[in-house]
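*Asks:* Okay, here's the prediction I keep looking at, along with the sequence it came from:
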Amino acid sequence: MEKKQTLGLCMIVKNEEKNLRRCLSSVAHIVDEIIIVDTGSEDQTVEIAEEFGAAVYSYQWNNDFSAARNFSIRQCTADWVLLLDADEELGQEAGNILIPFLSNQDFDGAHFTIHNYMGTNLSDNINIHIGLRLIRNNGKYHFTGEIHEQISCITGETCINKFTILDMKLHHYGYMDDEVNAKQKRCRNIPILESLLEKDPENSFTLFNMGNEYLAMEDFKKALEYYDKAYSKIHVQEAYAPHLFFRMANCHDHLKEYEKALSYLNEGLEYYPKCTDFEYVKGCVLKRLKRYSLAIESLKKCMEMGEAPLTTRFVNDCGTYRPAAALGELYEDLSDYDKALEYYHKALFYRSGEYVLLYRIGAVLNKIYQDKNTVLEKLMEYFADPDYEPNLILTWDILLNEKLYDLALAKLEAEDRSSMQNGKYRLELEFLKGKAYFYTKKYSQARTLFLRLSMEDERETIIPRIPEDSIKYLFLINLINKTDQMPAVFKRMEELNGEGWYYTCKLLYEIHAQHVDSISKPCNGEMIAGAIVLLNILLKTGEYEVFQSLLPIFNKVNDRRVLLYLSKIYYANGFSDMAVKSILRSIKEMDVIDEESIRILWKEIR
């Protein structure tokens, strides 16, 4: 009988109490042994590891990831070694794929598909690459390189053909903003890479990794300095080569150097013709350049190609959802609403839970049909069960978003089921009713609801941040009606939304009362962003006098883009002429314009 193959987990950790339990919980049911190499934790990391029965080894950190990795492997007695970082989590399907693979005789290791979550939350952005996470523990392999360590054969033989790719997800949270800031990864990595470049300044892989550090900090010009050097020495057969082309193109795209971006994308497609991700970004760049026919051709080609092979896949859904959604937006911009609906529908097929698409569909339907009851009927056809409470809530919110206030209010007031009135969805119903009353200028009814909602404790709801947003509407109602309730509103505003929103509303209140000189605090980016939200609501409601009275807030902003901010408020609320005037003033007086403003000018004065 064939001996059961055992699996050991090897990890290097330091101060990972926030992440370690999640990681170990994802693998505890499939591993036979856990080896934790701790490089000096001062939190509960070691205790958490011991809860899972791990063997914990202290290790003196010497800025060499390979040395620590090799030390961990030497402690492992299992037949196979699983290599994870604490900020990673194995996908739920792992056991069904991984355990059968351990019995194979052909390969000594496997790459996993790593989903890197970026930004502030899990839906912000996902970057994809493959990484070696499993090796046979036969003493033949070790890691080299002080950072971004690479596998090699101890005998010096080529071992690339001994490793395969498993279609298995590994979720990586280490690139999310809070993780990067907490661990100061850039401060740690850059000195190590600088030291390596002093020893070997022509090493293209190290140059590539240094570029990655600056890309992560959004210093695109500095990233390109290193990428350009790596590019001059690259061999296209290297595993990281397609990543280099992709990242160089994205840097030039961010810098609005679109022709250079296209050059690298086209070169990438010559070397890697099955890489849909190159074609997708190419379509987006062509769209930005207003080469719409070419953009449509490129995005449609993405859908024909499907997803790229795992070795050249960098972003999720470049062969499915992303090009379909981009085509929907493009056709909507071109006022081809039937085509826009067609591609939004396709995008929704690929991502049925992407609710933002339903808002876009609602906007298109509202442009197509004069009869607004028809808009509602057509919108509800996109739901499998239109009477399901969360779907109703979403539908009503879309109606409000499309300024169909009377229709939304009629539906909201007619809703009498107990789950809405007193049960699970009461907060959502009351919040949407409050908005409907507000936008129809029934301020007394709106105030009653928002006052109650602003005092609710935070809990999970379909519509997020109901108490926080309710107090903002309450502030505007008191501003419009000139009540004496502002001190209580300000107090609750600071409790719910923090100091930034408190000062934003205080400044707007003083401007409205023509006491602007009493405010000494400068208007920072967070405050102007909050002011723009509130000004949008006022203009959407038709409170023109109050809106005009608050515009002096832009005089408190040390930002040359202020007129562009104002133009977008006008344009979002149907004041196209005012938007165009503000953009033209920005060009003349500030010498500033951005991509969205160019799009507005193109649509309105062509």
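*Replies:* Cool, got the structure.

*Asks:* For the rest of this, base every contact and every neighbour count on C-alpha atoms.
*Replies:* Noted.

*Asks:* now the stretch 151-300 of the chain, which segments are flagged as low pLDDT?
*Replies:* 177-186 (pLDDT under 70).

*Asks:* Okay, helices next: where are they in it?
*Replies:* 177-183, 185-199, 204-216, 220-231, 241-254, 258-271, 276-288, 292-305 (DSSP state H, counting those that start in this stretch).

*Asks:* With mean neighbour count as extra columns, can I get the ones you listed in TSV?
*Replies:* Shown next, in TSV, are these (neighbours: other Cα atoms under 10 Å):
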stretch	mean neighbour count
helix 177-183	14
helix 185-199	14
helix 204-216	22
helix 220-231	20
helix 241-254	22
helix 258-271	18
helix 276-288	25
helix 292-305	19
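
*Asks:* Export those as TSV, with columns for distance to residue 48.
*Replies:* Shown next, in TSV, are the helices of the stretch 151-300 of the chain (distance: least, Cα to Cα, whole Å):
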stretch	distance to residue 48
helix 177-183	19
helix 185-199	23
helix 204-216	30
helix 220-231	38
helix 241-254	36
helix 258-271	45
helix 276-288	40
helix 292-305	45
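
*Asks:* of all these, which lies closest to residue 489?
*Replies:* helix 177-183 (30.7 Å; Cα to Cα).

*Asks:* coming back round to it: and the helices of the stretch 151-300 of the chain: which comes nearest residue 21?
*Replies:* helix 177-183 (15.5 Å).

*Asks:* can you map out the strands along the stretch 501-606 of the chain?
*Replies:* Using DSSP state E, counting those that start in this stretch, no strands are found in the stretch 501-606 of the chain.

*Asks:* Break the protein down into its domains, please.
*Replies:* 7-176, 560-606 (automatic domain parsing).

*Asks:* residue ranges with poor pLDDT in this protein?
*Replies:* Using pLDDT under 70, the flagged stretches of the chain are 1-2, 119-124, 177-186, 419, 515-522, 606.

*Asks:* for it, which strand is longest?
*Replies:* strand 125-136 (DSSP state E).

*Asks:* Helix 241-254 and that one, what's the angle between them?
*Replies:* 160 degrees (axes from the mean of the first three to the mean of the last three Cα atoms, to 10 degrees).

*Asks:* For the following helix or strand past strand 125-136, name the packing helices and strands.
*Replies:* Downstream of strand 125-136, the first helix or strand assigned by DSSP states H and E is strand 141-144. For strand 141-144, the packing partners by 3 or more Cα pairs under 8 Å, 6 or more residues apart in numbering; DSSP states H and E come out as helix 65-74, strand 150-153.

*Asks:* Output strand 141-144 in CSV with nothing but the alpha carbons.
*Replies:* Below are the C-alpha coordinates for strand 141-144, written out as CSV (Å, rounded to 0.1, in the frame of the first residue of the first chain):
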residue,chain,number,x,y,z
TYR,A,141,15.9,22.6,-3.3
HIS,A,142,16.8,25.8,-1.5
PHE,A,143,16.0,29.5,-1.8
THR,A,144,18.4,32.2,-2.9
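
*Asks:* Now do it: distance to the chain's middle.
*Replies:* Taking the mean of its C-alpha atoms, strand 141-144 sits 34 Å from the chain's own mean (Cα atoms, centre = their mean, to the nearest Å).

*Asks:* Pairing partners for that strand, with directions?
*Replies:* strand 150-153 (antiparallel) (DSSP bridges).

*Asks:* So which residues make contact with stretch 578-592?
*Replies:* 560-561, 563-564, 566-571, 593, 597, 600-601, 604 (Cα atoms under 8 Å, 6 or more residues apart in numbering).

*Asks:* filter those residues to the buried ones?
*Replies:* 561, 563-564, 566-571, 593, 597, 600-601 (16 or more other Cα atoms under 10 Å).

*Asks:* Confirm for me that residue 144 is in contact with residue 156.
*Replies:* No - contact criterion Cα atoms under 8 Å: residue 144 and residue 156 do not qualify, at 11.9 Å.

*Asks:* Adding distance to residue 414 and mean neighbour count, write the helices and strands packed on strand 141-144 out as a markdown table.
*Replies:* What follows is the helices and strands packed on strand 141-144, written out as a markdown table (distance: least, Cα to Cα, whole Å; neighbours: other Cα atoms under 10 Å):
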| stretch | distance to residue 414 | mean neighbour count |
| --- | --- | --- |
| helix 65-74 | 64 | 19 |
| strand 150-153 | 64 | 15 |
